[in-house]
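Visitor: fold the following and give me the result.
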Amino acid sequence: MTITINDKINLYKIQEEFSSLFPFLKLEFYKKVIQRGIVVPRQPIQNMDATLSECRTVFNKETVVISPDMTVTELEKNFHDIYGLSTQVFRKSGNVWLVATVTDNWTLEEQNRQGEMITKQVNERKLNINL
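Guide: Numbering: from 1, shown residues only. I've put the predicted structure just below:
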């Protein structure tokens, strides 16, 4: 299964479809802020109802297709190069979301599988402790 992104889709819809395909991953969007000619740390996009066309800073006819076999690096690079948007993939680990930086070379499918495995282990430990 793949997700094809276009200009008319809302950011929250991209997140929903991404989470549906990868339930143990989360995709966040950030805008570039330039002050006095310097790029400052990324700021989260607050209006998730905005369409991709309203948020993008690069305009071309290319689209992003998200597939299980692409790496986190490829996904983040595609959003940056094609739309001018910064993104970050997070992996669920129990009850917390970890930035997937050390494992950026893993595929989205591998990231999701690892998140599922860790989350199940954490939840099993909690269950055993509470018994």
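
Visitor: confirm D49 sits in a helix?
Guide: No: counting by DSSP: H, G, I helix; E, B strand; the rest coil, one finds D49 to be coil, located in no helix.

Visitor: look up the closest residue to it, ignoring the ones flanking it.
Guide: In space, D49 comes closest to N10 once its chain neighbours are excluded; the distance is 5.7 Å by CB to CB, 6 or more residues apart in numbering. Quick note: C-beta positions are derived from backbone N, CA and C, even for glycine.

Visitor: next up, phi/psi of that neighbour, please.
Guide: Taking degrees, to the nearest 10, you get phi -80, psi 150 for the backbone angles of N10.

Visitor: from T63, how far off is it?
Guide: To T63, N10 is 16 Å away according to CB to CB, to the nearest Å.

Visitor: so those two - more neighbours on which side?
Guide: Between N10 and T63, counted using other CB atoms under 10 Å, the more crowded position is N10 (16 against 13).

Visitor: list the contacts for the more buried one?
Guide: Neighbouring residues of N10 by CB atoms under 8 Å, 6 or more residues apart in numbering: 48-52.

Visitor: show me the strands in the chain, by range?
Guide: Under the criterion DSSP state E, the chain carries strands at the ranges 3-4, 25-35, 38-44, 65-66, 86-93, 96-99.

Visitor: what distance do you get for the residue nearest the centre of the chain to V72?
Guide: In the chain, the C-alpha closest to the average C-alpha coordinate belongs to L27, at a distance of 2.1 Å (CA atoms, centre = their mean). For L27, the distance to V72 (CB to CB) stands at 10 Å.
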